[in-house]
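Asks: here is a sequence with its predicted model. Questions after.
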Amino acid sequence: MTSRPRTAVSRPPGTAVSRPPGTAVSRPPGTAGSRPPGPAAARPRRRGERSTAASVALHGTLLLASFVALFPVAWLAWISLGPDKTDFLHADEIAGKLSLSNYSTVLADTDFLRWVGNSLIVSLGTCLVGVFVSASAAYAVSRLRFPGHRQLMWTFLVTQMFPFAILIVPLYNILAGLDLLDTYWALIAVNLTQAVPYCAWLLKGYFDTIPHEIDEAGRVDGLTPFGTFWRLVLPLARPGMAVAAFYTFITAWSEFAFASVFMLSSDKYTLPIGLATFVSEHDQQWNLMAATGVLIGIPAAAFFYLVQRHLVTGLTAGAAKS
Amino acid sequence: MISSLKKSYSRHWYAYAMVAPVAAVLAVLVAYPLGRGIYLSLTDATSDNVGRTIGVNEIPDSFSFVGFDHYVEILTGSAADTFWKQFAWTLFWTAACVTLHYGIGLALAVLLNRRMRGRTLYRLALILPWAVPVFVTVFSWRMILADGGVLNTAFASVGLPEPAWLSEPFWQRTAAIVVNTWCGVPFMMVSLLGGLQAIPNELYEAAETDGATPWQRFRYVTLPGLRAVSSTVVMLGVIWTFNQFIVIFLLFGSTAPDTEILVTWAYRLGFGQTPRDYAGSAAYGVIILSMLVVLVSVYRRWLNRNEEAALR
């Protein structure tokens, strides 16, 4: 998904040259609006050209949008530096009393690190089980025509749009009956209900892009279908598996509804539940919440920026083939 | 019959073996709970009469089968007022959020899809609401929107009225839509930007040669070129927004009965009150799922018909 330069090349109308994509002549930015004036006034504006006014409008809009996008996050970071609970109501006073005391309180006197550990266990568990369980099924659906493969794909699609509301009550009762509430397994299991169909769907899309000739070569050399999958296709599908793993991880990391009901004791809380306890109805420690939010947000955002390009491609490619 | 099954099995056994783990997981974690949920919705189960273990005493289930009572009650009975109000609001919420997500996302994607200084920086900044988990940023919004928070302070300083974002029903709904829009735009923007970059350059060159205005290029090249991506992201957006729980729940807690959409209300019925109304919550769940299935299949059929019309 690299961005291809799409500069208009000035050329008299009527001489359209077909050019392979990617070889468009690029012009340094900044010279875009400096075409010599001339009879061009009569024809529509070409792509890649804009007047000064249009440039100002463009950058103005984008600056405004960026401000809106950044502000709530920056605000959280700013509030986290104020030591008092109500500092968010008079944030200008924070400048006079900047301190990192919220961070030291969160790290030393709360269960924060425990919650991080719990979230890691649950998310990594979901991610590993989800990807490995769904990979072989995704391969089977992608390559092997067996009775029921359509129904299976359809199940994957429908399961992805299950509202959690339909599963939360019965799963709660079933897990309570098995005495599994308040365990990591309970959360991993419920997160799998989302992760498995999604991973299978996404990986199926990825396997579809791997040439069939590779499988055929493997079969000619005497590999079983499973051997082909395990020795040839799986190693090639590593990027796809990584995307599935990242997405599953991020989803499980932010899961709130199930965790709020299934994890009963505070030493089993995951991060979203733990964060919410700072601003309960009884006690609203906005300063500690803000510091915790920053501690969660920075690594999450860093991780996200590393993988997001692949994430989007995977998401839309998987679904576009439905 | 048996022999054909056998033949199919011997021909496809490896396919079934490879599918088995997923089938097992889905059967245990989705199909069985779904069946159990449908069953519970036909009973009068609450947290008082469901079997549980207290210490060494085991209390067995004591709820009974009541048939479609809950559905009748929700759709036409004493709970109907709440349900239909929530239903209308859920539809409005979904339509408003998805329209805003798509509209703003498309506008930003078109703006970003040109050569200019600082393009990468803009892109990184605009994607931030997606990068930071929603359960963190919603709390930030709560501080911003609070009475006396930074937004109302800013409004007051330029002489605008200061709405009670977090306590008056109308403004609560507005706030919910604003926050959810903020959270959802980056996904649309990035997906549509990907779609824009996949449109072949030659199409634009041809359009230019034919003297198309910028608007015509957008209308007749860009929009049709985005059709596949658009239909996918709009469908995903509808499903996600319809099931959006965390924004509404964390923004208001239990203080905003008017912003409850169907999903948050199902949660409230099942886990936010005593005794917990498991049966009612399960019935809500079944209704929500059936509506989503109908919504998505209508949408897909409509897409297919449009596709055929476009080809004709």
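Replies: Looks like it arrived, so ask away.

Asks: which element, helix or strand, includes the residue in the stretch 151-300 of chain B positioned nearest to chain A?
Replies: Residue of the stretch 151-300 of chain B nearest chain A, by Cβ to the nearest Cβ: B:Gly285 (3.2 Å). Any C-beta I mention is one placed from the backbone N, CA and C, and that applies to glycine too. In the assignment (DSSP states H and E), B:Gly285 maps to helix B:278-311.

Asks: report the buried residues of that helix.
Replies: Of all the residues in helix B:278-311, those buried under the rule 16 or more other Cβ atoms under 10 Å in any protein chain shown are B:278-289, B:291-292, B:295-296, B:303.

Asks: OK, contacts around the closest residue to chain B within chain A?
Replies: Closest to chain B within chain A is A:Ile166: 3.2 Å, counting by Cβ to the nearest Cβ. By Cβ atoms under 8 Å, 6 or more residues apart in numbering or on different chains, the contact set of A:Ile166 is B:Leu34, B:Gly37, B:Ala282, B:Gly285, B:Val286, B:Ile288, B:Leu289.

Asks: cutoff 10 Å now
Replies: B:30, B:33-34, B:37-38, B:41, B:263, B:266, B:281-290, B:292 (Cβ atoms under 10 Å, 6 or more residues apart in numbering or on different chains).

Asks: any weak-confidence spans in chain B?
Replies: B:1-10, B:53-56, B:310-312 (pLDDT under 70).

Asks: center of chain A, which residue is that?
Replies: A:Tyr247 (5.3 Å; Cα atoms, centre = their mean).

Asks: in which helix or strand would I find it?
Replies: Going by DSSP H and E, A:Tyr247 is in helix A:238-253.

Asks: please report how far the residue of the stretch 151-300 of chain B closest to chain A lies from A:Tyr247.
Replies: 25 Å (Cβ to Cβ, to the nearest Å).

Asks: repeat for A:Ile214
Replies: 25 Å.

Asks: give me the element the residue positioned nearest the centre of chain B is part of.
Replies: Residue closest to the mean C-alpha point of chain B, counted by Cα atoms, centre = their mean, is B:Trp240 at 1.9 Å. Following DSSP H and E, one finds B:Trp240 within helix B:227-242.

Asks: and that helix with helix B:278-311, angle?
Replies: In terms of direction (axes from the mean of the first three to the mean of the last three Cα atoms, to 10 degrees), helix B:227-242 departs from helix B:278-311 by 160 degrees.

Asks: list the helices and strands helix B:227-242 packs on?
Replies: helix A:149-160, helix A:286-320, helix B:80-112, helix B:169-197, helix B:278-311 (3 or more Cβ pairs under 10 Å, 6 or more residues apart in numbering or on different chains; DSSP states H and E).

Asks: run the chain-centre distance for it.
Replies: 9 Å (Cα atoms, centre = their mean, to the nearest Å).

Asks: just the C-alphas of it, formatted as PDB.
Replies: In PDB, the C-alpha atoms belonging to helix B:227-242 read as follows (Å, rounded to 0.1, in the frame of the first residue of the first chain):
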ATOM      1  CA  ARG B 227     -17.300   1.100  -4.600                       C
ATOM      2  CA  ALA B 228     -15.800  -2.200  -3.400                       C
ATOM      3  CA  VAL B 229     -14.000  -0.700  -0.400                       C
ATOM      4  CA  SER B 230     -17.000   1.500   0.500                       C
ATOM      5  CA  SER B 231     -19.500  -1.300   0.600                       C
ATOM      6  CA  THR B 232     -17.200  -3.300   2.900                       C
ATOM      7  CA  VAL B 233     -16.300  -0.600   5.300                       C
ATOM      8  CA  VAL B 234     -19.900   0.700   5.500                       C
ATOM      9  CA  MET B 235     -21.100  -2.800   6.300                       C
ATOM     10  CA  LEU B 236     -18.400  -3.300   9.000                       C
ATOM     11  CA  GLY B 237     -19.200   0.200  10.300                       C
ATOM     12  CA  VAL B 238     -22.900  -0.600  10.600                       C
ATOM     13  CA  ILE B 239     -22.200  -3.800  12.500                       C
ATOM     14  CA  TRP B 240     -19.700  -2.200  14.800                       C
ATOM     15  CA  THR B 241     -21.800   0.900  15.500                       C
ATOM     16  CA  PHE B 242     -24.900  -1.100  16.100                       C
END
